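[1] Below is the sequence, then the predicted model.
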Amino acid sequence: MKIAFIGQKGIPAIYGGIEDFTEKVSLRLVKRGHQVTVYCRPYYTRLNGDYKGVALKKIRSIKSKHLDAISHTFLSSLDALFEDYDVINYQGTGPSSLSFLPRLKGKTKIVATIHSLDWKRKKWGVIAKTLLRMAEYPSVYYPHKVVTISEGLKKYLEKKYNKEIFKLTPGIDPPNYRAPKRIKKFGLEKEKFILFLGRLVPEKGCHYLLKAYRDLNTDYKLFIAGNGFFSEDYLNKLHQYKSDRILFGGFVEKEVLEELFSNAYLYVLPSEVEGVPQTLLQALSYGRCVLASDIPENKEAMGKWGFNFRNKDIKDLNQRLNFLLNNRELVLKGQNQRSDYVKAKYSWDRTAEDLEKLFIQCVGSN
């Protein structure tokens, strides 16, 4: 099959769960004998030509908070009209609302992957949230098939739109354990720091963590890894908490990231909105103890292998942090079980195989 992915920023993935999903799946589809094209934004994807057998097609976008994704999707969809793809897989609610464009040719089958409810994200204003809510309907009804990656989102979409939604379980990269070397430049020691990793945007909830941690009496440091994305004002507010105990590392390279996961005492994810939280699963794969907000997506991902606090509740987060910091034996035990749980449930090979089956089913239908 000739398959195209539209809606993501590009590959190889630098940051972003959708980009990671697209990279991991597209590479495996190529290995399974398919011709795969990924539409990329030039500011994100620096490579030209192809990436490990995946064709990279760069289409420019209007690089602004509100127009970046939709302008790139629109121009990519127009370009796809002149290609003979068998399947186009759109990523996300907003991009999928434009999936009617390549359907004008009649032949190409359209699959939409809905990763999360984008209108819940705090970075959007009232008008943008309204437009994203409105985009749900065409995102579900224009594509031939709709996929989601969480059970809660599947139930929500099926109930609201009375259409069959296919659930796809994403994968996780196997852990690569590393001794603490590079992270020592930040003053971090093995199992003596709390880790937050993610884009520094409001819906990830880093501000809740900073406020909760600030009032703790502890010598465990808090390390914040990640950059903002069209969120400079928010990023500046976060950096006001910077101190000898609260460290900001910015974007971290792969080797540093592996050291962070290998040596963190606790991983915290205070997010308000998620699809399937990849960083949480990655932390569990390294055997780390995790503390996450009690939104359904986080609870579904961690199963019984983590701790929760009430979403947006700084006081409850503070109390849970204090409890876990004072119960070291509880935090450090069960590392192998956490890792085994993730390895057994989340596999990129299985993800690609299941998506391939859906593509074949879609192409074979009238």
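    Received the coordinates, thanks. All values derive from a computational prediction rather than experimental measurement. Residues are numbered from 1 along each chain as shown.
[2] so where is this structure shaky, pLDDT-wise?
    Residue ranges of the chain with pLDDT under 70: 117-134, 229-230, 366.
[3] How is it divided into domains?
    2-171+347-364, 182-345 (automatic domain parsing).
[4] The last one: end-to-end distance?
    The separation between the terminal residues of domain 182-345, taken as C-alpha to C-alpha, to the nearest Å, is 31 Å.
[5] Check stretch 305-321 too.
    First-to-last residue span, stretch 305-321, C-alpha to C-alpha: 16 Å.
[6] Counting neighbours, which bits of that stretch end up buried?
    Residues of stretch 305-321 classed as buried: 305-309, 311, 313-314, 316-318, 320-321 (neighbour count, 16 or more other C-beta atoms under 10 Å). No exception for glycine: its C-beta is placed from N, CA and C like everyone else's.
[7] right, and the pair among the residues you listed with maximum separation?
    Greatest spatial distance in the buried residues of stretch 305-321: W305 and I314, 24.3 Å, computed using C-beta to C-beta.
[8] so how far is stretch 90-103 from its chain's centroid?
    19 Å (C-alpha atoms, centre = their mean, to the nearest Å).
[9] Show residues contacting that stretch.
    Contact with stretch 90-103 is made by 5-8, 18, 21-22, 69-70, 73-74, 77-78, 80-81, 85, 88, 108, 110-115, 117-119, 132, 135-136, 138-139, 142-143, as judged by C-beta atoms under 8 Å, 6 or more residues apart in numbering.
[10] Provide the secondary structure category for F5.
    Following DSSP: H, G, I helix; E, B strand; the rest coil, F5 is assigned to strand.
[11] how much space is there between it and A69?
    According to C-beta to C-beta, to the nearest Å, F5 and A69 sit 14 Å apart.
[12] Between those two, tell me which one has more neighbours.
    Using other C-beta atoms under 10 Å as the criterion, F5 and A69 rank with F5 on top: 29 against 20.
[13] Okay, and the beta partners of that one?
    For F5, the beta-bridge partners under DSSP bridges are V38, N89.
[14] So it is in contact with V30, correct?
    No: in this structure F5 lies outside contact range of V30 using C-beta atoms under 8 Å: 11.8 Å.
[15] Pull up the overlap in contacts between these two.
    Shared contacts of F5 and V30 (C-beta under 8 Å, 6+ apart): V36.
[16] For T113, which three-state class applies?
    strand.
[17] That one: neighbour count?
    A count of nearby residues for T113, using other C-beta under 10 Å, gives 29.
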